[in-house]
Structures are given as C-alpha cells and as structure tokens.
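Chemist: please work out how this folds:
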Amino acid sequence: MNIFRHCISLLVFIFFSTQSFAQPISFSGTVIDGHTKEPVSFASVYFARSGIGKSTDSAGHFSFTLNNFKDDTLKVSFIGFEIYKMPITHLQNNTSLKIQLERGTAKGEVIIKAKWNRGLYLWKKIMTKKKQYNRYDLGNFSYEAYNKLEIDIKNFNADKAKKNFLLKNFSFIFDNMDSTSEAAPFLPAYLIESLSDYAYQKNPKKFYENIKASQTKGFNNESFSKLLGVMNQNVSIYSNFVNVMDKDFISPFNDNADAYYIFTVPDTQVVNGGKQYHFVFRPKRAGQNTFEGDAWVTEKTYQIRKISMYLGKEANINFIDRISVFQEYIPINDSVIFLNRDKFFADFRVLGKNSLTLIGRKTTSYKDIVINSDSLTATFKDQHIEELVKTEKSVVQNSDSAWTSLRHDTLSKNEKAIYTTIDKLMEMPKFKKLQTNLKFLFGGYRNIGKFEIGPWFNWISADTVQGTRLRFDLGTNKKLFKNVYLHGYLAYGFRDKRFKGQAEAYWLLQREPKRIRLHLSYQNDVDNGISQVGEVSQDNIFSLAIRKPRNYRKFINVKDYRFDVFSDLGKGFSSELFVSHRQYTPLLNLPTLSSFTANSGTPLTNFELALKLRFAYLERFIETDYNRYSIGTKYPIVEAMFAKGIAGVFNSAYNYTKYSLLIKDMMKISPYGTLYYRVYGGKINGAMPFTNLENHPGNDLFYYNPFAFNLMNRFEYLSDKYAGINMEHNIGSGLFRFIPLTRKLKWRQFYTAKTLWGSLSAENTAINNKAGTFKTLNGKTYIEVGTGIDNIFKVFRLDFVWRLSPSSSYAGSGSKFGIFGSFQIQF
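Modeler: Numbering: from 1, shown residues only. Sure, this is the predicted structure:
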C-alpha cells in the first residue's frame with residue numbers, strides 16, 4: 001500500500017513538474033497602435049485563464065503584481081483592433097513589455113443595438129461645436145510647424161539583398177535594420193525635415209507660409225521643399241472632406257456624416273479629473289471613401305482631444321495597404337482648442353501581400369501658437385494674393401548642429417542612422433553609377449560630363465514615309481551652363497533617305513520672383529500627327545504597336561524657325577510672345593504643294609506674330625534645372641491667344657488674324673468624384689490653306705487621347721470658326737462598389753462627352769477642298785460620348801467611345817464606335 005502511495009505521489013510530481021510553480025511576479029508594459037506608434041488609452045489587459053485584468057491608463061501604460069502566478073495567456077483588446085495574445089510562462093520579474101495592436105475587427109465582436117443611439121447623440125453635440133473648434137473659423141492664427149517625413153522599407157530580405165549584384169557593394173546599409181520597433185523588421189531609408197512659420201486669416205481668406213529650413217539628404221530642391229511645407233499637408237478633421245493622396249474622403253464630422261457612418265460610445269473614462277467619452281465611428285457601407293477610427297471627447301464642452309482615423313482595405317485607393325491619421329489637440333483657453341501634433345502614416349505596396357513595402361511616416365508638431373491677433377491682421381494687409389509661400393535663401397544650407405536647435409524634438413536612433421547612411425552612400429562612386437543607370441532606364445536620360453543624351457525610347461521608330469527611323473538627342477546640363485540649356489537632335493529615315501533634326505536654346509534670364517525665359521529654335525522634320533496633342537510622341541518606339549489599321553495617316557514636313565519670350569507677370573498672370581516662320585511640304589495623303597497658289601511669296605509658307613496670355617491663380621510647380629512642370633491649381637485656368645500672319649516676310653504668302661480662348665478646370669465635387677471640363681473657341685479671318693486653319697485634333701492610335709476626338713482622323717475636319725466643350729466625370733467606385741468582385745478589384749467608373757461646332761468659309765473651302773480631302777461641319781455638331789472601366793490592375797483604363805453626330809450619311813463610313821486603352825499611375 002505504501003509502495004502504491006509513493007508511486008502515485010511520484011506520478012503527481014512528474015506531472016506537475018512540467019507546469020510552472022505558482023510564483024509572485026511583477027511586470028509592466030505599454031500598449032501602442034502598431035501603425036502610428038501612439039499609446040492606446042484604456043485598452044483592456046487581462047489573463048485568459050485567471051480572468052485577472054485591468055485597463056491601460058491615458059498614456060497606454062499598465063502594470064501587474066501577482067502573488068500566485070501560473071502560466072497564462074495575456075490578452076489585450078480595444079475596439080477597432082485585433083485581439084493581441086501573448087503566452088506568458090517564464091517571464092522575468094520587473095519585465096517591461098511593448099505591445100503593438102493592429103487595426104482590425106476582433107473575432108466574435110458583437111454590435112449591440114440600442115433604442116437610444118448614444119453615439120449619434122454625441123456626434124450631434126460635437127457638430128454644434130464644429131464652428132467654434134474648427135481652427136479655420138477663427139479670425140486668424142499662426143504657429144511654427146516642424147515637419148518630418150521618414151520613409152522605411154518593409155518586407156526587405158537583407159540576406160538576399162546582400163547577394164544581389166546591384167546592392168552587394170552597399171551591404172553596410174543593412175546594419176540599420178530595425179527588428180524591434182515593428183512586428184516585422186524594416187530598413188530606415190529616407191528622412192526629410194522642414195521648419196516653417198504659418199499664418200491664416202479668415203476674412204478675406206489668406207494663407208502665408210515662410211519655410212525657414214528644409215533638409216533632405218541627397219536631394220535639395222527648393223520647389224520640392226515648398227510642397228513639404230504645412231500649406232500642402234494640412235488635415236482638418238472638422239472639414240467636410242479630408243484629402244488623402246489627392247482624393248477626398250468623407251470626414252466623420254462632415255455635415256452629413258450620419259448618412260455615411262455608424263457612431264457608438266462604448267466607454268467613458270476620467271482623464272485628469274474630467275470625464276471623456278470614447279467616440280467610435282465606422283462606415284455604414286463598404287467601398288465608400290470613408291474612415292474608421294475613434295476619438296476621445298470631453299464632457300459638456302465636446303472638445304476632441306485625440307482622434308485616430310484609418311482607411312481599411314475596402315477603400316478605393318491604389319498602392320496603399322493602410323493609412324492612419326492621428327491628431328492631438330490642446331486647449332488654448334476655455335473656448336478654443338488647437339492642434340498640438342499630428343501624424344500621417346501610409347504603407348505603399350505596389351505588388352502582392354509579401355512584396356516590398358514603403359512605409360511613409362509624416363509627423364508634425366506645432367508651437368508658438370497665436371490666435372485672433374491684431375498683429376496678424378496688420379501683416380496680412382500687405383499680402384495681395386490668397387496664398388503666399390516663401391522660402392528663405394538659406395533654406396537648405398543649415399548645418400547638422402543648427403538643426404539640433406531648430407527641431408521641436410530629437411531624432412530617434414533610426415532617423416540618425418538614415419543621415420549617416422545617406423551621407424556615406426552619396427560619397428560612393430559605385431552608388432552614383434547605380435543612380436545614373438536607374439535614371440537612364442526609367443527616365444530615359446543620361447548625363448555624360450557636361451552633356452545629356454536621351455530619351456532612349458526615341459532612338460528608333462518607324463512609319464510609312466520614313467520607314468525605319470533613327471534619332472539621337474544631345475543636350476547640355478547645369479555643369480556647362482546654369483541658366484542656359486542647349487538641345488538638338490538628328491534623325492534619319494531609311495525609306496525617304498533624308499536627315500531631319502532640331503536645334504534649340506533656352507535662356508533663363510530670371511527664375512525668381514518672376515520667371516523670364518527666352519527660347520530660340522529651328523526644326524526641319526516630318527510631322528506625322530502622333531505628337532500633335534496626345535501623350536505618345538511621334539518617335540516613341542511603343543507607338544508602333546497601337547496604331548489603327550487601314551488608316552490613311554497624313555504626313556507633312558515642317559520647317560520651323562521660332563523665337564518666343566515667356567514672362568511671369570505675377571498673381572497668376574503670364575504672357576508668351578511668339579515670332580515664327582513656317583514652311584510646309586505635304587508628303588502623303590494630303591493635297592500636294594502644287595495644289596496651292598499664292599499672289600506673292602511661297603505657297604504654304606507663313607510668318608506669324610502671336611501673343612498668348614494665361615491666368616492660372618495659385619498654380620503650383622515642380623522645378624528642375626531648366627524647366628518647371630505644373631501640378632495644378634484649384635481654380636480655373638484661362639488662356640487667350642491672338643496671332644497675326646503677315647505676307648511678304650521671308651517669302652511668307654498669307655495675311656490673316658487668329659483669335660482663340662480656352663477655359664479649363666479640374667473640379668472636386670465630393671463625394672461624387674471629380675469633373676474636368678475644357679471650353680474653347682476661336683475665329684480665323686483670311687483666305688489661307690489648311691496649314692493655317694484649325695485642324696481639329698483626331699487620333700490615329702488605339703491609345704486614348706483625352707484632348708482629341710478619338711473617332712476622328714487627323715486632318716479630317718477643318719474650320720475657321722469653331723467652339724467646343726470637353727467633359728469628363730470620374731465618379732470613383734460608382735456602381736462597381738455594389739458588386740463584391742469589382743469592389744475588391746477597385747474598378748472605377750467615368751463618363752466622357754466631347755462636343756464641337758465648326759464652319760469653314762466658302763473662300764477657304766474652295767482653296768482647300770478641290771480634291772475632297774477634308775470635311776467641314778458647316779454648322780453641324782460633332783459629338784463623342786464614352787464610358788468605361790478605369791483602374792484595371794491599378795494602371796489600365798479602357799474607354800468605349802461612340803460618335804453620336806454627325807450621321808454616317810454626312811460624315812462618311814468612318815467608325816461610329818471604338819475601344820481605346822491607356823495607362824496612368826494614380827492613387
């Protein structure tokens with residue numbers, strides 16, 4: 001019996017020896033949002049087996065002291081996040097844990113419907129204070145803002161990269177891999193900083209920003225620094241719409257947000273002696289441009305103290321795996337709160353789930369906040385435009401030691417490592433060579449000493465007249481001249497056995513504050529029409545694959561001498577004066593040169609003076625060494641042009657006048673997408689050949705051209721009096737969001753309409769249409785309408801286009817329906 005008892009005791013000892021003995025233990029931790037790295041206040045932290053638990057404090061901290069601890073699973077839960085589980089067995093005493101919660105829905109989460117909607121009631125209370133707490137409803141305000149943008153690389157296999165023939169020489173960069181801050185290791189890659197003074201006035205509305213300092217290792221561009229300022233990156237949660245990657249998303253505090261969101265109040269907490277409501281919002285319907293998230297709202301005053309918003313995977317936005325917005329507000333006085341700091345985090349992923357991911361982390365802090373100040377009113381009196389952005393001359397010239405005092409906070413270990421790495425990379429000849437090769441491959445151009453060659457994709461092409469065509473471009477770069485750009489190309493066709501080419505020079509007399517540029521050019525080349533208005537150049541090798549079959553394309557040779565002067569006049573106005581001399585020689589499918597006569601001079605030769613006036617208020621630009629490229633304006637753009645043809649100058653043969661007017665705009669009509677319109681018209685007085693008339697833009701390719709009539713051939717219709725309207729409405733998800741498959745594919749819907757009215761005088765009809773080559777509308781209306789599918793595989797667009805007018809009996813047997821494709825990179 002004793003033996004049996006001892007055996008039982010031994011078995012019990014062996015069994016429980018595999019379990020941890022009860023033991024006292026103390027540990028603490030912090031719960032943070034895995035994306036924004038902000039603390040998660042009042043999250044539930046508990047043990048699955050014992051049921052012991054508590055909530056984190058307002059800073060996300062928690063601590064436990066357990067006298068009889070046994071192996072257990074620690075769980076952390078908070079609404080809007082997946083439940084975090086962590087088995088705890090051999091945890092050392094006084095351990096500090098860092099727990100990251102990922103956005104998502106906990107399995108088994110139950111939504112309880114109540115007769116009284118507490119969340120909707122709180123939202124209505126917040127909305128009664130919207131005007132009071134929205135900073136853009138203050139009389140004026142100003143602050144100093146410190147912006148920091150960090151770019152990291154995730155899903156990066158360092159072991160494979162070290163063996164890659166392109167990267168093996170730069171293996172030292174992998175020493176900066178961070179395997180502790182995220183659930184998955186990442187490589188800090190890029191850091192941009194800026195410091196600026198910002199001010200705003202409500203009435204009349206004016207914005208001002210002075211960018212005092214900007215730092216980007218390896219890339220110093222003043223125009224890029226302006227885009228990194230506060231002016232272009234403000235997120236106001238009290239606005240009806242929040243702009244994310246140039247798309248408007250419906251704010252949870254939109255005037256009609258209750259039509260798009262479900263609101264709940266799952267919790268109430270006491271913070272610093274005051275009660276705060278936990279306000280949670282989520283979309284009513286999948287596929288709409290809405291957020292999910294939560295906020296902490298004060299009792300009675302209904303001030304938002306903290307808010308987190310994120311876009312889920314259902315959001316119709318490209319290349320973005322997730323986006324998070326965090327903002328924290330502080331009271332300025334009893335009735336005003338103001339933004340203290342905000343964060344904008346985005347994960348960019350071009351390919352599949354486990355592909356290379358770029359993490360963008362933008363943080364902004366604000367200090368020296370001033371509101372409703374008479375001194376600001378006096379300052380704005382001298383500002384005569386709505387928006388003014390300045391950059392100090394030394395904006396990119398501050399030393400590392402100077403930045404130590406300029407920053408609102410210190411750089412983290414990762415951020416310091418980025419600067420060290422980039423400094424080292426920029427000094428390496430092999431890295432410079434890699435940069436040059438990648439720029440050549442994707443951009444087409446390559447610098448060789450003081451000169452530039454390219455683009456490579458224009459080196460070879462082919463057409464009916466020239467056969468196989470070879471072309472080589474050569475230009476200068478800023479190493480030769482800082483403000484003068486020389487460029488030329490030479491081309492040769494193996495069928496027509498002729499050389500063609502161009503030589504031109506640009507001289508920037510002044511860059512700031514008002515740009516003045518001179519341009520002189522000579523060109524003698526075949527114009528086959530592909531480069532007339534569209535996105536595919538005539539020499540592009542890729543155009544060979546997308547030409548319409550059985551289309552009698554028209555070719556003409558142009559010898560062009562040109563001189564023009566561009567001048568920025570300020571406040572959005574600019575002028576451009578042209579002096580040109582052109583001589584045309586028809587080559588194929590056009591009336592021959594002998595078909596035209598002239599009273600004096602050489603037929604198809606003209607000398608022209610022209611003046612173009614342009615108004616684009618608050619237009620923004622990206623500037624390169626010699627050129628600048630518009631990135632748009634929120635206001636309509638107006639262009640007016642007057643041209644005078646003079647006979648008898650260098651054998652020119654025609655007297656004429658031309659007038660034209662163009663108004664265009666891209667409007668956001670949220671939540672219904674964007675609307676682009678283009679309204680234009682013109683009149684030409686004088687008797688002249690088709691080369692000086694309005695040749696309405698047609699399309700000889702299956703590549704969709706937004707500015708041309710895609711079912712019209714080039715040189716099909718002529719006019720000397722004309723007007724037209726082009727419209728395109730991009731709806732976004734539209735009807736596709738109601739179908740699960742198309743919603744998942746993120747297809748987008750659009751409509752297009754193009755209308756043209758035109759006529760040709762009897763005199764110009766007699767001069768040009770002896771052989772019936774051309775057509776004229778003569779009061780009839782040309783109409784094309786279209787629809788299609790955008791965002792196919794995130795880059796492809798398919799257009800279905802119908803010609804509604806004129807009828808086939810008048811227009812001929814030309815196609816009344818066509819399918820066109822195009823590519824575009826868009827978020």
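Chemist: which of the three states applies to Asn203?
Modeler: Secondary structure state of Asn203, per DSSP: H, G, I helix; E, B strand; the rest coil, is coil.
Chemist: list the contacts for it?
Modeler: Counting by C-beta atoms under 8 Å, 6 or more residues apart in numbering, Asn203 makes contact with Gly139. In short, each C-beta sits where N, CA and C put it, glycine included.
Chemist: separation between it and Phe380?
Modeler: Asn203 sits 10 Å away from Phe380, taking C-beta to C-beta, to the nearest Å as the criterion.
Chemist: now do Leu358
Modeler: To Phe380, Leu358 is 39 Å away according to C-beta to C-beta.
Chemist: before we move on, what about Lys478?
Modeler: In this view, Lys478 and Phe380 are 37 Å apart by C-beta to C-beta.
Chemist: out of the two, which sits in the busier spot?
Modeler: Neighbour totals were compared for Lys478 and Phe380, and Phe380 leads with 19 against 15 (other C-beta atoms under 10 Å).
Chemist: dump the helix or strand where Tyr143 lies to CSV, restricted to CA.
Modeler: Applying DSSP states H and E as the criterion places Tyr143 in strand 140-154. This file holds the C-alpha atoms of strand 140-154, laid out as CSV (Å, rounded to 0.1, in the frame of the first residue of the first chain):
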residue,chain,number,x,y,z
ASN,A,140,-6.7,84.4,-37.7
PHE,A,141,-3.9,82.2,-36.3
SER,A,142,-0.2,81.5,-36.6
TYR,A,143,2.3,79.0,-35.4
GLU,A,144,5.7,77.4,-36.1
ALA,A,145,5.5,73.9,-37.6
TYR,A,146,8.1,71.3,-37.7
ASN,A,147,7.5,68.6,-40.3
LYS,A,148,9.3,65.3,-40.5
LEU,A,149,8.8,62.6,-43.2
GLU,A,150,10.5,59.3,-42.8
ILE,A,151,10.4,56.5,-45.4
ASP,A,152,11.2,53.0,-44.4
ILE,A,153,11.3,49.7,-46.3
LYS,A,154,9.5,46.6,-45.0
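Chemist: direction included, what does it pair against?
Modeler: Strands that pair with strand 140-154, judged by DSSP bridges, come out as strand 186-201 (antiparallel), strand 357-371 (antiparallel).
Chemist: end-to-end on stretch 45-53?
Modeler: Stretch 45-53 has an end-to-end distance of 5 Å (criterion: C-alpha to C-alpha, to the nearest Å).
Chemist: could you check which helix or strand contains Tyr404?
Modeler: That one is not Tyr; residue 404 is Thr. For Thr404, the element it lies in under DSSP H and E is helix 400-406.
Chemist: scratch that, Phe442
Modeler: Assessed by DSSP H and E, Phe442 sits inside helix 429-443.
Chemist: next helix or strand past that helix?
Modeler: Taking DSSP H and E, what comes next after helix 429-443 is strand 446-448.
Chemist: which helices and strands does the helix or strand that that following strand is followed by pack with?
Modeler: Using DSSP H and E, the helix or strand that follows strand 446-448 towards the C-terminus is strand 451-453. Helices and strands touching strand 451-453, by 3 or more C-beta pairs under 8 Å, 6 or more residues apart in numbering; DSSP states H and E, are strand 467-476.
Chemist: mind giving me the packing neighbours of the strand it packs on?
Modeler: Other elements packing on strand 467-476 under the criterion 3+ C-beta pairs under 8 Å, 6+ apart are strand 451-453, strand 460-463, strand 484-493.
Chemist: these: lowest mean pLDDT?
Modeler: Of all the helices and strands packed on strand 467-476, the minimum mean pLDDT falls on strand 460-463 (a mean of 86).
Chemist: so which bits of that one are buried?
Modeler: Neighbour-count burial for strand 460-463 flags 461, 463 (criterion: 16 or more other C-beta atoms under 10 Å).
Chemist: paired strands for it, with orientation please.
Modeler: strand 467-476 (antiparallel).
Chemist: just how off-centre is the partner strand within its chain?
Modeler: With C-alpha atoms, centre = their mean, to the nearest Å as the basis, strand 467-476 stands 32 Å off its chain's centre.
Chemist: buried ones in it?
Modeler: Neighbour-count burial for strand 467-476, counted by 16+ other C-beta under 10 Å, picks out 469, 471, 473, 475-476.
Chemist: now swap in stretch 263-277 and tell me
Modeler: Those would be 263-265, 267, 276-277, for stretch 263-277 by 16+ other C-beta under 10 Å.
Chemist: so which one among those residues has the lowest pLDDT?
Modeler: Asp267 (86).
Chemist: quick one: strands adjacent to the helix or strand it falls within?
Modeler: Using DSSP H and E, the element containing Asp267 is strand 261-271. Sheet pairing of strand 261-271 (DSSP bridges) gives strand 274-283 (antiparallel).
Chemist: got a list of contacts for the helix or strand just after the strand it pairs with?
Modeler: Toward the C-terminal end, the helix or strand that comes next after strand 274-283 (DSSP H and E) is strand 292-298. Residues from elsewhere that reach strand 292-298 (C-beta under 8 Å, 6+ apart): 41, 79-80, 103, 122, 126, 252, 269, 271, 274-283, 303-312, 325.
Chemist: got the angle between strand 292-298 and strand 274-283?
Modeler: Counting by axes from the mean of the first three to the mean of the last three C-alpha atoms, to 10 degrees, strand 292-298 lies at 160 degrees to strand 274-283.
Chemist: need the next SSE after strand 292-298, C-terminal direction.
Modeler: Counting by DSSP H and E, the element after strand 292-298 in chain order, helix or strand, is strand 304-311.
Chemist: quick one: strands adjacent to the following helix or strand past that following strand?
Modeler: Remark: after strand 304-311, the chain's next helix or strand is strand 320-331, criterion DSSP H and E. Pairing partners of strand 320-331, with direction, according to DSSP bridges: strand 304-311 (antiparallel), strand 337-349 (antiparallel).
Chemist: would you mind listing the buried residues in strand 320-331?
Modeler: For strand 320-331, by 16+ other C-beta under 10 Å, it's 320-329.
Chemist: kindly report the same for stretch 626-638.
Modeler: Within stretch 626-638, the residues scored as buried using 16+ other C-beta under 10 Å are 626, 628, 633, 637-638.
Chemist: now flag whichever of the residues you listed is closest to Thr787.
Modeler: Distance to Thr787 across the buried residues of stretch 626-638 (C-beta to C-beta) is lowest for Ile637, with 26.0 Å.
Chemist: pLDDT at that closest one, what is it?
Modeler: We have a pLDDT of 96 for Ile637.
Chemist: who are the contact partners of the residue nearest to it when sequence neighbours are not counted?
Modeler: The spatially closest residue to Ile637, leaving aside those adjacent along the chain, is Ala616, at 4.5 Å (C-beta to C-beta, 6 or more residues apart in numbering). If you count contacts by C-beta under 8 Å, 6+ apart, Ala616 has them with 572, 574, 630, 633, 635, 637-638.
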